[in-house]
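In: Got a predicted model here, sequence first, then my questions.
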Amino acid sequence: MHALIVISHPDAQSLTHAVAHSFAKGVEELGQHTTELVDLAAEGFQAAFNAADRATFLLKAPAQPDVLREQERIDRSDALVLVYPVYWWSFPGQLKGWIDRVFSNGWAYSETPEGAIEKRLGQLDVHLIGIGAAEAETYARHGYDKALRTQIDHGIFDYCGAKVVTSEILYGIDSESAASHIIKAGELGRNAFAQHATGVR
């Protein structure tokens, strides 16, 4: 099986990148699965939703080539993995823009003439790994952890029918926490397709 790992951080030496690469190594460890890493910053993905994207949303024009490329990457994958730092209790702007543009009407979901939403990504597993500088107690006390899962897990991926298999916030970025996060990411990668091995989805 194949995992598409999308990284949203401008520094290739960051903990975010280290976590993503550890996840990929875990997926590939037994030689049964493959990965592709997408570095949004390095690739220069244009995150701003523009007039052409709106035309796609209104079903008046096909998606732009850069959007089609990302959709094709996802279509080739069994799992989508997003690895990102938590900025202002949400996605970084570039990753949010990637979602805004790529998860378009007519591809990720569609609306029936009766007004019902047709979820079009039911075949896709999703793994979410956020890296937060604050501690777990801060997230829990203010409800940030619940808010993240409401807007991302439910608001984006459930809306499109994708199954969120992993939803992790790795708390703390000191050296000890960072080392444990990298180990944890490897474990998550090794287990990314475990449910398929057991026939449970």
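Out: Perfect, thanks for sending it. Remember, predicted model here, so these are calculated numbers, not experimental data. Numbers count the residues shown, from 1 in each chain.

In: pLDDT weak spots in this structure?
Out: The chain contains residues with pLDDT under 70 at 198-201.

In: Could you tell me how many residues sit around Gly97?
Out: The number of residues packed near Gly97 is 19, by other CB atoms under 10 Å. Yep, even glycine has a C-beta here, placed from its N, CA and C like the rest.

In: how about it, what does it touch?
Out: Contact partners of Gly97, counting by CB atoms under 8 Å, 6 or more residues apart in numbering, are 45-49.

In: same thing but 10 Å
Out: If you count contacts by CB atoms under 10 Å, 6 or more residues apart in numbering, Gly97 has them with 8, 40, 45-49, 53, 91.

In: what helix or strand does it sit in?
Out: Assessed by DSSP states H and E, Gly97 sits inside helix 93-102.

In: roughly how far out does the helix or strand following that helix sit from the chain middle?
Out: Using DSSP H and E, the helix or strand that follows helix 93-102 in sequence is strand 109-111. From the chain centre to the centre of strand 109-111 is a distance of 20 Å (CA atoms, centre = their mean, to the nearest Å).

In: just stretch 126-136 next, same as before
Out: With CA atoms, centre = their mean, you get 12 Å for stretch 126-136.

In: Now the residue nearest in space to the middle of the chain. Its backbone dihedrals?
Out: Nearest to the mean C-alpha position of the chain, counting by CA atoms, centre = their mean, stands Leu82 at 2.8 Å. Leu82 adopts backbone torsions of phi -110, psi 120, taken as degrees, to the nearest 10.

In: from memory it sits against Ile5, does it?
Out: Yes: applying CB atoms under 10 Å, one finds Leu82 in contact with Ile5, separated by 8.1 Å.

In: can you list residues touching both of those two?
Out: 20, 38, 127, 129.

In: Let me have these in CSV, adding secondary structure and distance to Ala179 as columns.
Out: Below are the shared contacts of Leu82 and Ile5 laid out as CSV (DSSP: H, G, I helix; E, B strand; the rest coil; distance: CB to CB, whole Å):
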residue, secondary structure, distance to Ala179
Ala20, helix, 16
Val38, strand, 25
His127, strand, 21
Ile129, strand, 16
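
In: which residues in the chain form helices?
Out: Along the chain, the stretches classed as helices by DSSP state H are 15-28, 40-43, 51-57, 65-75, 93-102, 136-142, 144-148, 159-160, 175-190, 194-197.

In: Which members of the contacts of Gly97 are the farthest-apart pair?
Out: Ser8 and Asp53 (18.6 Å; CB to CB).
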